[in-house]
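J.: have a look at this fold, sequence not included:
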C-alpha cells in the first residue's frame, strides 16, 4: 500500500516575508507598485488633522490598495474586506498585518468621490505612458444598476403627499375605532398590535411630511422644458429606470473605452435612465484625451438630434446608431427566424397587440405607385403625398365595395365594426429639411459600408469591458447612496479594469 507524507493544514506560526507574497505579474503586485512608486496621493493628507494631536490614521495608500484588490476579487462588503485582511495572506501583505476595521473601510470608500477622480486620471497617464491608449476610437456605453435605495419610496411630490394623507387617514380611522370601542373589552394582545400599527402609520406619515418640507420642488429633466421626474426618499439623486430584468432604483454607470487595449478613459455615474443625457458630459470629459481624428461611437440609446448637433458644434467625429439602423442592414434581414420564442423581458421590439395586417403585408409598387392588399384587391391612391416629420409617404385606401364583404376584414381592421375601409401609407423619401438634419446625415454616413465596418468594432471594444466589470468582478449593484459616492465606487471598479490591463501588459513585472 502506498504511503504519503502527512499534509497538515492546521493554523501555525510561520516566518513569512510579506513583500514576497505579492508576486510579480499579478494584479496585487501591479497595484502595490503603482500606488507606492508612481502616484502622488498627497491630496489625501488634507483629510487628516492629527499632526499634533489625535490618534495615528491608516495610510490612504494602503487602504486604496486593499479596496482595489478586494474589488478585483469580487469582494465588495466592507466586513468581508476586513475579514480578508485578517485571514488572507495576500491581503495581510497589502495591509502590513494591520487589518483595518470594517467601519474604517466603509468610511474610506464612501468619501472617495472627488479624490478618486485624481487617482483615475493619474492611472490613465501611466497607461498612456505604457502605450496602451491609441486614441483612434472611444466606444461609449453604460449599464443600469440598482443602488442602496428603495424603488417603493419613489414618486412626485404630489404622489408622496397623497401617500402621507392616506397614512394619516388610516391612523385617524384607527383612532376613531378605538374611541368607539372604549366601552367594550379588547384583548390585550390585539390592543398592543393595533397601538404598534398606529405608531408605524404616524411615523411613516411624519417622515414623508418632513421629506416634503426639506424638498420643496420636484426633480425635473434637463433643459427649461424638462418634465417632472420621480423623487426618491432614500436617495433623491438616484432614478427609477426600466431594464431587461424589470424596474430598478439606481444609477447608470457610463464608460468610454479606448479601442487599442480596452482602457477605460472616462467613467461617470448618472442618476438617470436616459442614456441620451449622458453622452455630452462624457464627450466633454474626453476633450483632453482625444485628437482631431478620434472617433466616438455609441449605440442607439445615445442617439438624439440634440446630441448629434452638440457633437457637430464641438467638431467631434462620431458614429451614433439610430433605432432603425438594423432594419436598413441586409445582414439582419433574417434575424427574426432565429428568434423562435423571444423573451418578453429582453425583447424590446414593439409589437402590434391587435395582430392586424401591417404595411409589409401589402404589395406596394413604388414605380407605378400602386398597392394591392392581402386579399388581392387594388387600393386607390389617396390625394397628394403625405409629409410627416419630414418623411414623404404615399397613402392608399380601399374601396367600400371590396372591404365590406372581404373575408379578411377582421385581420385587416382593428375595429371592423366601426371602420369601413382600410388605409395604409408607405414612406418613400424625406423632404429637403429632413435631409439637412444631423440625424439624416448620420444615417447616411453610418449606412456606408466602410463606416458601418468601423462602427461594428464598437461591440468588441466595449462589451467585454462591461462583462469583466459586472460579471467577473461581481458588480451587480451599487452599495452607496448619492451620486458623488456612487460615482466614486464606479470609478473604483473601472480602475480595477485599467490596472488589470497594466498587469497583463507586463507593468512592474
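T.: Structure received. Treat the numbers as computed from the prediction; the structure is a model and nothing was measured.

J.: and residue 476, how close does it get to residue 242?
T.: 17 Å (Cβ to Cβ, to the nearest Å). Quick note: C-beta positions are derived from backbone N, CA and C, even for glycine.

J.: do the same with residue 319
T.: From residue 319 to residue 242 the distance is 26 Å (Cβ to Cβ).

J.: my read is that residue 308 contacts residue 320, right?
T.: Yes. The pair formed by residue 308 and residue 320 meets the contact definition of Cβ atoms under 8 Å, at 6.5 Å.

J.: in the stretch 1-150 of the chain, which spans are helices?
T.: Counting by DSSP state H, counting those that start in this stretch, residue ranges of the helices within the stretch 1-150 of the chain are 27-33, 60-72, 78-87, 89-95, 102-110, 115-129.

J.: okay, the ones you listed in CSV with mean pLDDT next?
T.: CSV is the format used below for those (pLDDT from 0 to 100):
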stretch, mean pLDDT
helix 27-33, 93
helix 60-72, 95
helix 78-87, 94
helix 89-95, 93
helix 102-110, 94
helix 115-129, 93
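
J.: scan the helices and strands of the protein for the one with the lowest mean pLDDT.
T.: helix 432-435 (a mean of 66; mean pLDDT, DSSP states H and E).

J.: domains of this structure?
T.: Here the domain assignment for the chain is 18-46+57-111, 137-147+241-329+447-492, 157-217, 356-435, based on automatic domain parsing.

J.: next, the buried residues of stretch 415-434.
T.: In terms of neighbour count (16 or more other Cβ atoms under 10 Å), stretch 415-434 has its buried residues at 421, 422, 424, 425, 426, 430.

J.: got any ranges where the stretch 351-500 of the chain has weak pLDDT?
T.: 351-354, 432-435 (pLDDT under 70).

J.: the strands in it, which residues?
T.: Remark: strands assigned in the stretch 351-500 of the chain by DSSP state E, counting those that start in this stretch are 363-365, 370-372, 378-381, 386-388, 391-397, 423-430.

J.: so which of those is nearest residue 143?
T.: Set against residue 143 and scored by Cβ to Cβ, these come closest in strand 391-397, at 33.5 Å.

J.: residue 304: which of the helices of the stretch 1-150 of the chain is closest?
T.: Comparing these by Cβ to Cβ, helix 115-129 comes nearest, at 27.1 Å.

J.: that closest one to helix 60-72, inter-axis angle?
T.: 80 degrees (axes from the mean of the first three to the mean of the last three Cα atoms, to 10 degrees).

J.: got the buried residues for helix 115-129?
T.: By neighbour count on 16+ other Cβ under 10 Å, the buried set for helix 115-129 is 115, 116, 117, 119, 120, 122, 123, 124, 126, 127, 128.

J.: between residue 308 and residue 320, which one's more packed in?
T.: Counted by other Cβ atoms under 10 Å, residue 308 and residue 320 do not tie: residue 320 has more neighbours, with 26 against 22.

J.: which residues are in contact with both of residue 308 and residue 320?
T.: Common contact partners of residue 308 and residue 320 (Cβ atoms under 8 Å, 6 or more residues apart in numbering): residue 442.

J.: list the contacts for residue 235?
T.: Residue 235 sits next to 147, 148, 149, 249, 481, 482 when contact means Cβ under 8 Å, 6+ apart.

J.: phi, psi for it please.
T.: Main-chain torsions, residue 235, degrees, to the nearest 10: phi -150, psi 100.

J.: close enough to count as contact, residue 43 and residue 115?
T.: Yes. Residue 43 sits in contact with residue 115 when judged by Cβ under 8 Å, with a separation of 5.8 Å.

J.: residues shared between the contacts of these two?
T.: With Cβ under 8 Å, 6+ apart, residue 43 and residue 115 have no common neighbours.

J.: could you check how far residue 120 is from residue 171?
T.: From residue 120 over to residue 171 the distance is 50 Å, taken as Cβ to Cβ.

J.: mind checking how far residue 286 is from residue 252?
T.: From residue 286 to residue 252 the distance is 17 Å (Cβ to Cβ).

J.: between these two, who's got more neighbours?
T.: Shown here are residue 286 and residue 252; by other Cβ under 10 Å, residue 252 has more neighbours (22 against 19).

J.: tell me the strands beside the one helix or strand the more buried one maps to, with direction?
T.: Taking DSSP states H and E as the criterion, residue 252 maps to strand 246-258. Strands that pair with strand 246-258, judged by DSSP bridges, come out as strand 137-146 (antiparallel), strand 239-243 (antiparallel), strand 264-270 (antiparallel).

J.: save the ones you listed as JSON lines, and put in distance to residue 162 too.
T.: Below are the strands paired with strand 246-258 laid out as JSON lines (distance: least, Cβ to Cβ, whole Å):
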{"stretch": "strand 137-146", "distance to residue 162": "25"}
{"stretch": "strand 239-243", "distance to residue 162": "17"}
{"stretch": "strand 264-270", "distance to residue 162": "29"}
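
J.: mind telling me which of those the model trusts least?
T.: Lowest mean pLDDT within the strands paired with strand 246-258: strand 239-243, at a mean of 89.

J.: report the buried residues of that one.
T.: Of all the residues in strand 239-243, those buried under the rule 16+ other Cβ under 10 Å are 239, 240, 241.

J.: pretty sure residue 281 contacts residue 266?
T.: No. Using Cβ under 8 Å, residue 281 is not in contact with residue 266; the gap is 9.2 Å.

J.: so these two - more neighbours on which side?
T.: The neighbour comparison of residue 281 against residue 266 (other Cβ under 10 Å) goes to residue 266, with 23 against 13.

J.: give me the nearest residue to the more buried one, chain neighbours excluded.
T.: Once flanking residues are discounted, residue 266 sits nearest to residue 256: 4.2 Å by Cβ to Cβ, 6 or more residues apart in numbering.

J.: with residue 393 as the reference, measure out to that neighbour.
T.: With distances taken as Cβ to Cβ, residue 256 is found 39 Å from residue 393.

J.: okay, those two: which has more neighbours?
T.: Neighbours were counted for residue 256 and for residue 393 using other Cβ under 10 Å; residue 256 has more, 26 against 16.

J.: residue 189: neighbour count?
T.: 8.

J.: swap in residue 506?
T.: 11.

J.: re earlier: turn the domains of the chain into TSV, including distance to residue 502.
T.: Output for those, formatted as TSV (distance: least, Cβ to Cβ, whole Å):
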stretch	distance to residue 502
domain 18-46+57-111	5
domain 137-147+241-329+447-492	9
domain 157-217	44
domain 356-435	47
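
J.: list the buried residues for stretch 460-467?
T.: Applying 16+ other Cβ under 10 Å to stretch 460-467 flags 461, 462, 465, 466 as buried.
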